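> Structure for the following, please:
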Amino acid sequence: MSTFQLESLPYQTDAVEAVVRVFEGTPKAAAYEQVGNQCQLSWDQYSANLKAIDQRHRISDEQSNLTEPEDDQPIDVCVEMETGTGKTLVYLRTIHRLHAAYGWTKFIVVVPTIAIRAGVT
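Coordinates of the predicted model:
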């Protein structure tokens, strides 16, 4: 039986942990709950989490450009990475960590081209 070893690079781990920290303070869903992912954080909680992440990574307020969404608009979290940096591994690890931390089970991964989608299905 052959096994393979995945290399874990610091910037990949940082990306995963940053996404998990965005939702810090969200209670973990109970295993028996049959509902979609829920996060009841207020904008103040989100923005505090985002500002803490920005400070950790030395991102200025101007670069971050946080603006409160309009009423009832969702908050989108987008992770952008250059080609060849391990995005597939990062989003799979992010899904795993979000499930472990918050019990979330539903995820949508959007890719820009059919060729990329074919490579990850």
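> where's Val20 relative to Asp61, distance?
Per Cβ to Cβ, to the nearest Å, Val20 is found 22 Å from Asp61. Where you see a C-beta, it was placed from the backbone N, CA and C, and this is true even at glycine.
> The two: which has the busier surroundings?
Neighbour totals were compared for Val20 and Asp61, and Val20 leads with 18 against 10 (other Cβ atoms under 10 Å).
> The more buried one in helix, strand or coil?
Secondary structure state of Val20, per DSSP: H, G, I helix; E, B strand; the rest coil, is helix.
> which ones are touching it?
Counting by Cβ atoms under 8 Å, 6 or more residues apart in numbering, Val20 makes contact with Thr94, Arg97, Leu98, Ala101.
> Would you mind measuring from Gln45 to Pro112?
Note on Gln45: its distance to Pro112, by Cβ to Cβ, is 31 Å.
> Equivalent analysis for Asp14, please.
With distances taken as Cβ to Cβ, Asp14 is found 23 Å from Pro112.
> Between these two, which is the more surrounded one?
A count of neighbours by other Cβ under 10 Å puts Asp14 above the other of Asp14 and Pro112, at 14 against 7.
> Could you find the closest non-adjacent residue to the residue nearest the centre of the chain?
Closest residue to the average C-alpha location of the chain: Val19 at 3.4 Å, with Cα atoms, centre = their mean. Counting by Cβ to Cβ, 6 or more residues apart in numbering, Val19 lies nearest to Thr94, which is 5.1 Å off, once chain neighbours are set aside.
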